[in-house]
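[1] Fold the stuff below for me.
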Amino acid sequence: GQTQSIVRFKLVNARGDPQPNQNVILSLKTLNGGIPKATLGTVGNIDPLTGTTDGNGIVSIPVFSGTVPTNVLVNAMLASNSAVQSDSAVLTIASGRPAQARVSLSLEKFSIEGANIDGEESGVTMSLADRQGNPVPDGTAVNFVTSGGVMIPPTCTTGATPGDSQCTVKIRAQNPRSSDGHGRVYILAYAAGEEDFVDANFNNVYDCGESFADLGTAYLDANHNGAYDPGEFSVPRAASPSNCGTATTATPMKGDGVWGAADVRAQMPIVFATSHATISGSIVGGTLNLTIGDDNGNSMPTGSSVTVTGTPTGAGSSGCTVNANASFKIPNSYLPSTFPISYVCTRGDTLTVQVTTPNNIVTNQQFIVP
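    Modelled structure (predicted):
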């Protein structure tokens, strides 16, 4: 994307008095093998230009970003005396539009206690970069939509920490609770960017004939079947202007046929887990192999606590001890968790598994030592 900076020089005499109506030759000091790192005065110009100082001795000129991430200097030279000259401060070309290959979407918690309870939340972070891996400009907007719950807020902009190239919102549990029939909802994040391409001649711009990823319009695959279905949310987008061919109207499953602007996007699920736990296990040679999930076959809410205790209930039992791994937390996962629990007990003793959710809802399951 073309962005610009205004560079100003001030011409003064030996006493520091401004010198008006003086011609100053302004030129770019750096080129990159003939490829402009920046352009001067107007987009595309790399030739020196002459400006005239105003009543305050100031001459200014716009500098437009080029195609290569780099530093740029502008030189100002007094036309009547080439010994009087100075370079600008360093201008840095260090960011471009978001590229699809550089998009990441992440969740603070993969599973929240949302199937039965309103208000549980997880952070959702969209991370962006341009095709060179540089941060995108601060203020780049990201939109979020979801097939369940609600996004708080529905948009964010990069630059909360300058140059961080990411932003974060939250998803909150409420109706609807699931869009795929399995206790999961899906989050789509998208931002205005560009399609990826293979830069065959290393000039960092797309040239006709170079291969590219032709993206269809971004859409929310609410039922997670890998295809767009009528009624699913889609982001309309006009065909990209191109000198390389005629663009057609893009659809969720088909691009517009030319390289250009696109909504870069990422989608991922989050589990709205049940508060009740499904606990199963098998006992083999002094080890209880536990599997703990929610009632829909997903992970229990991230951070749920699990404790296993032993009770000497067998005939003649002198004690039932569960080893040090008897208390732990459900990890950040989509799927049920499996835990091996070792013990020293007698046949007929009881092992009790207790799962407690973040909202203190408890599920117990007992196993008799064979």
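
[2] how close does residue 367 sit to residue 80?
    Taking Cβ to Cβ, to the nearest Å as the measure, residue 367 falls 96 Å from residue 80. All C-beta spots, glycine's among them, are computed from the backbone N, C-alpha and C.

[3] Which residue of the two possesses the greater neighbour count?
    Using other Cβ atoms under 10 Å as the criterion, residue 367 and residue 80 rank with residue 367 on top: 21 against 9.

[4] what secondary structure does residue 319 sit in?
    coil (DSSP: H, G, I helix; E, B strand; the rest coil).

[5] How many neighbouring residues does it have?
    Residues near residue 319, counting by other Cβ under 10 Å, number 11.

[6] what do you get for residue 120?
    If you count neighbours by other Cβ under 10 Å, residue 120 ends up with 23.

[7] quick one: pLDDT of it?
    With respect to pLDDT, residue 120 scores 97.

[8] contacting residues around it?
    Residue 120 is in contact with 112-114, 172-173, 301, 358-359, counting by Cβ atoms under 8 Å, 6 or more residues apart in numbering.

[9] With residue 155 instead?
    By Cβ under 8 Å, 6+ apart, the contact set of residue 155 is 141-144, 169.

[10] Of these, which is the most crowded?
    Of all the contacts of residue 155, the highest neighbour tally under other Cβ under 10 Å goes to residue 142, namely 29 neighbours.

[11] that's a helix at that one, yeah?
    No: per three-state DSSP, residue 142 lies outside any helix segment and is strand.

[12] Return the set of residues that bridge with it.
    On the basis of DSSP bridges, residue 142 is bridged to residue 156.

[13] what's the distance between it and residue 128?
    7 Å.

[14] which neighbours do the two share?
    By Cβ under 8 Å, 6+ apart, residue 142 and residue 128 have these common neighbours: 158, 191.

[15] Please report phi then psi for residue 102.
    Per-residue torsions, residue 102: phi -100, psi 10 (degrees, to the nearest 10).

[16] returning to that earlier point: can you add pLDDT and distance to residue 210 and give the contacts of residue 155 back as JSON lines?
    Formatted as JSON lines, the contacts of residue 155 follow (pLDDT from 0 to 100; distance: Cβ to Cβ, whole Å):
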{"residue": "141", "pLDDT": "95", "distance to residue 210": "28"}
{"residue": "142", "pLDDT": "97", "distance to residue 210": "28"}
{"residue": "143", "pLDDT": "97", "distance to residue 210": "29"}
{"residue": "144", "pLDDT": "98", "distance to residue 210": "32"}
{"residue": "169", "pLDDT": "98", "distance to residue 210": "35"}
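
[17] Switch the residues you listed over to TSV; also include distance to residue 250.
    Output for the contacts of residue 155, formatted as TSV (distance: Cβ to Cβ, whole Å):
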residue	distance to residue 250
141	20
142	20
143	17
144	21
169	26
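
[18] Identify the farthest-apart pair in those residues.
    141 and 169 (11.8 Å; Cβ to Cβ).

[19] Overlap in contacts, these two.
    155-156.

[20] Relative to residue 73, which of the contacts of residue 120 is nearest.
    Nearest to residue 73 among the contacts of residue 120, with distances taken as Cβ to Cβ, is residue 172, at 49.8 Å.

[21] so how many other residues sit close to the closest one?
    Close neighbours of residue 172, defined as other Cβ under 10 Å, add up to 17.

[22] Please name the bridge partners of it.
    Note on residue 172: beta-bridge partners by DSSP bridges are residue 121, residue 150.

[23] Which phi and psi values does residue 288 adopt?
    Dihedral pair for residue 288: phi -100, psi 110, per degrees, to the nearest 10.

[24] I meant residue 100, not that one.
    According to degrees, to the nearest 10, residue 100 has phi -60, psi -40.

[25] That one - nearest residue in space that isn't next to it in sequence?
    residue 264 (4.5 Å; Cβ to Cβ, 6 or more residues apart in numbering).

[26] Then residue 280?
    Of all residues beyond its chain neighbours, the one nearest residue 280 is residue 291 (5.0 Å), with distances taken as Cβ to Cβ, 6+ apart.

[27] do the same with residue 342
    residue 323 (4.5 Å).

[28] and that neighbour, how many residues sit next to it?
    The number of residues packed near residue 323 is 13, by other Cβ under 10 Å.
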